[in-house]
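**Q** How does the following fold in three dimensions:
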Amino acid sequence: MTGGDDAARLRLIVAGRVQGVFFRASARTRARSLGLRGYARNLEDGAVEIVAEGRRADLLALAQWARSGPPAARVAEVREEWGGKTGEFRDFAVR
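**A** Numbering: from 1, shown residues only. As a prediction, the model looks like this:
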């Protein structure tokens, strides 16, 4: 995937102080502003998982945002997994 218009799927695992600080709701707001579809959810280990599909350039912007998140968050690590778009999402939701 070389161009910014290529459709793709990105899975982010965001670790640190990311639960209880409106991270998921903020991720939804940011993703929707970028025209992305997918979801954000809390994981049992205290991390937040974000799965999003859309234009690669917009996914890169979401990944950049996730490195800091909302003001109360303290992001320690962001892991990225890239794949092909599946088209399974209608919008971006908090789970």
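**Q** So which elements touch the host helix or strand of L59?
**A** Taking DSSP states H and E as the criterion, L59 maps to helix 56-66. The helices and strands touching helix 56-66, judged by 3 or more C-beta pairs under 8 Å, 6 or more residues apart in numbering; DSSP states H and E, are strand 7-17, helix 23-33, strand 48-55, strand 74-83. Placement of C-beta: from N, CA and C, glycine included.
**Q** now the ones you listed in CSV, with distance to A63 and mean neighbour count?
**A** As requested, these are exported to CSV (distance: least, C-beta to C-beta, whole Å; neighbours: other C-beta atoms under 10 Å):
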stretch, distance to A63, mean neighbour count
strand 7-17, 6, 18
helix 23-33, 11, 20
strand 48-55, 9, 22
strand 74-83, 6, 13
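**Q** looking at these, which is closest to R90?
**A** For those, distance to R90 was read as C-beta to C-beta. The smallest value, 10.9 Å, belongs to strand 48-55.
**Q** Each with direction, which strands does that closest one pair with?
**A** Strand pairing for strand 48-55, using DSSP bridges, gives strand 7-17 (antiparallel), strand 37-42 (antiparallel).
**Q** Verify the contact between S68 and V75 for me.
**A** Yes: between S68 and V75 there is a contact under C-beta atoms under 8 Å: 6.1 Å.
**Q** Name the residue closest to the centre of this structure, please.
**A** Most central in the chain under C-alpha atoms, centre = their mean is I50, positioned 3.8 Å from the mean C-alpha point.
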